[in-house]
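**Student:** got a structure for you, letters missing:
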Ligand code: GLA
């Protein structure tokens with residue numbers, strides 16, 4: 001298929017002067033190009049570049065982040081997210097690479113829940129459970145996209161209206177997810193949703209990271225800090241049991257930077273159930289609402305550092321245990337066991353069936369709002 005050149009727009013955002021330093025922020029830009037189609041609906045690929053040359057690509061199919069290039073200590077840009085070159089592969093093969101996850105991130109046990117005395121039966125797509133929104137979750141729909149500039153960065157807003165009853169969830173849910181690439185080297189995600197009937201919502205992003213560069217092997221040497229004293233242990237269907245368990249004296253203790261691989265094969269029933277890490281950590285939060293530090297990841301070979309901040313109460317750390325080398329990524333390399341990891345900021349899995357967990361209920365008139373920031377640098381703070 002051939003697309004006309006006018007299809008490609010380039011928004012030069014111009015030059016921004018900061019304070020007395022008059023630092024020129026030239027070159028910030030957003031480009032849009034055709035990215036094929038899904039079920040006959042054309043989709044686009046957007047390239048966002050910040051003032052320092054950090055470049056992110058995202059498509060309005062699933063809101064997928066297909067590429068993110070950040071510098072190492074030598075200033076060498078490397079693509080640190082797993083993914084594909086074509087939308088076809090995303091449709092066919094993707095284990096949620098880079099995608100927006102909704103309506104409900106992670107699992108809802110037995111694919112059902114009750115709200116205000118009514119039971120809702122959801123699509124089962126993970127044994128008896130519902131995972132990541134069901135059979136056709138937000139990772140598999142075409143979003144409307146609006147690109148633009150924001151204070152100190154470039155952004156793209158994805159909008160989707162999920163119909164009442166979609167995948168079994170009640171209420172028409174109006175969702176906007178905005179990605180901002182800022183000039184201080186952060187990737188910020190703002191999630192917003194409203195509903196016309198009481199419902200449950202838990203949105204996240206499923207980017208698989210490899211800070212040494214996608215396709216460069218396993219992530220076991222990455223050092224991880226999770227700001228959490230407890231986690232939610234799971235049963236053999238990876239559904240939380242409802243308790244909070246201390247991380248103390250367990251391989252789940254990431255309160256100080258520790259290599260992901262250091263204890264991943266330790267004899268510990270929770271690691272056996274997940275075939276590695278695939279759990280929700282309960283974030284230590286200040287009493288006030290707002291953004292709090294969630295995680296830090298340091299990759300020693302490249303010196304790349306990523307810090308995660310969020311307004312959410314939990315984070316799913318998944319160590320890529322379902323990757324098995326059968327998927328070949330964008331640079332022609334197979335993604336093997338544990339070749340990427342996810343840090344999905346979220347409410348806890350199965351909250352709709354766990355009255356003691358923070359609530360995921362959204363009612364008409366209220367607005368669901370959460371924010372997560374991934375901050376990139378090359379030095380340990
Ligand atoms: C989440 C789940 C995992 C798995 C991955 C995708 O992290 O918790 O069990 O489904 O997504 O493969």
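**Tutor:** Thanks, I have it. Everything numeric in this text was worked out from a predicted model, so none of it was measured. Numbers count the residues shown, from 1 in each chain.
**Student:** Could you use CA atoms for every contact and neighbour count after this?
**Tutor:** Fine.
**Student:** what is the mean pLDDT for stretch 350-360?
**Tutor:** Per-residue pLDDT values across stretch 350-360 average out to 98.
**Student:** Need the three-state assignment for residue 90.
**Tutor:** Judged by DSSP: H, G, I helix; E, B strand; the rest coil, the three-state class of residue 90 is helix.
**Student:** Could you list the residues in contact with stretch 53-68?
**Tutor:** Stretch 53-68 has contacts (Cα atoms under 8 Å, 6 or more residues apart in numbering) with 27-28, 35, 38, 43-49, 69-71, 77-85, 87, 97-100, 138-145, 158, 181, 185, 207.
**Student:** For ChimeraX, write the selection for the buried entries among these.
**Tutor:** Buried residues among these (16 or more other Cα atoms under 10 Å), as a ChimeraX selection:
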select :27,28,35,38,43,44,45,46,47,48,49,69,70,71,77,78,79,80,81,82,83,84,87,97,98,99,100,138,139,140,141,142,143,144,145,158,181,185,207
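**Student:** which of the contacts of stretch 53-68 are close to the ligand?
**Tutor:** Checked against the ligand using Cα under 6 Å from any ligand atom, the contacts of stretch 53-68 yield no neighbours at all.
**Student:** Please report the distance of residue 242 from the ligand.
**Tutor:** Taking Cα to the nearest ligand atom, to the nearest Å as the measure, residue 242 falls 16 Å from the ligand.
**Student:** re the thing from before, inside strands: which ones of the contacts of stretch 53-68?
**Tutor:** Secondary-structure check on these using DSSP state E: residues within strands are 35, 38, 43-49, 69-71, 77-79, 100, 144-145, 158, 181.
**Student:** what about the closest residue to the ligand within the stretch 151-300 of the chain, how many neighbours?
**Tutor:** For the stretch 151-300 of the chain, the residue positioned closest to the ligand under Cα to the nearest ligand atom is residue 278, at a distance of 5.3 Å. Applying other Cα atoms under 10 Å, we find 22 other residues in the vicinity of residue 278.
**Student:** so what's it bridging to?
**Tutor:** Under DSSP bridges, the beta-bridge partners of residue 278 are residue 318.
**Student:** for it, what are its contacts?
**Tutor:** By Cα under 8 Å, 6+ apart, the residues touching residue 278 are 271, 316, 317, 318, 319.
**Student:** Please, which helix or strand holds the second one?
**Tutor:** Pointing back at residue 316 there. Element membership of residue 316 [criterion: DSSP states H and E] is strand 314-318.
**Student:** Just confirm yes or no for that strand near the ligand.
**Tutor:** Yes - between strand 314-318 and the ligand, judged by Cα under 6 Å from any ligand atom, the touching residues are residue 318.
**Student:** Next, the residues that contact that strand from outside, please.
**Tutor:** Residues lying outside strand 314-318 but in contact with it, judged by Cα under 8 Å, 6+ apart, are 276-283, 294, 341-348.
**Student:** Which of the residues you listed fall in helices?
**Tutor:** When DSSP state H is applied, the contacts of strand 314-318 are split such that none fall in helices.
**Student:** Now do the helices in this protein.
**Tutor:** Ranges of helices within the chain are 87-93, 269-274, based on DSSP H.
**Student:** what sits against the residue nearest to residue 309 when sequence neighbours are not counted?
**Tutor:** Spatial nearest neighbour of residue 309, excluding adjacent residues (Cα to Cα, 6 or more residues apart in numbering): residue 293 at 4.4 Å. Under the criterion of Cα under 8 Å, 6+ apart, the neighbours of residue 293 are 227, 307, 308, 309, 310.
**Student:** Restricted to buried residues, select those residues in PyMOL.
**Tutor:** For the buried members of those, the matching PyMOL selection, counting by 16+ other Cα under 10 Å, is:
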select buried, resi 227+307+308+309+310
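**Student:** from the contacts of residue 293, which is closest to the ligand?
**Tutor:** For the contacts of residue 293, the nearest to the ligand is residue 308 (16.6 Å; Cα to the nearest ligand atom).
**Student:** Tell me who's in contact with that closest one.
**Tutor:** Residue 308 is in contact with 293, 294, 295, 296, 372, 373, 374, 375, counting by Cα under 8 Å, 6+ apart.
**Student:** Equivalent analysis for residue 291, please.
**Tutor:** Contacts for residue 291 were tallied using Cα under 8 Å, 6+ apart; they are 309, 310, 311, 371, 372.
**Student:** repeat that for 6 Å
**Tutor:** Taking Cα atoms under 6 Å, 6 or more residues apart in numbering as the contact definition, residue 291 lies against 310, 311.
**Student:** What score does it have for pLDDT?
**Tutor:** For residue 291, pLDDT reads 95.
**Student:** Please apply the same query to residue 287.
**Tutor:** 77.
**Student:** now swap in residue 18 and tell me
**Tutor:** pLDDT, residue 18: 33.
**Student:** Kindly report the same for the one 3 residues further on.
**Tutor:** Here, the pLDDT recorded for residue 21 equals 26.
**Student:** Where does the prediction get shaky in the protein?
**Tutor:** Screening the chain residue by residue with the criterion pLDDT under 70, one finds the ranges 1-26, 380-381.
**Student:** Contact residues of it facing the ligand?
**Tutor:** Looking at the ligand, the residues of the chain close enough under Cα under 6 Å from any ligand atom are 95, 106, 278, 318, 322.
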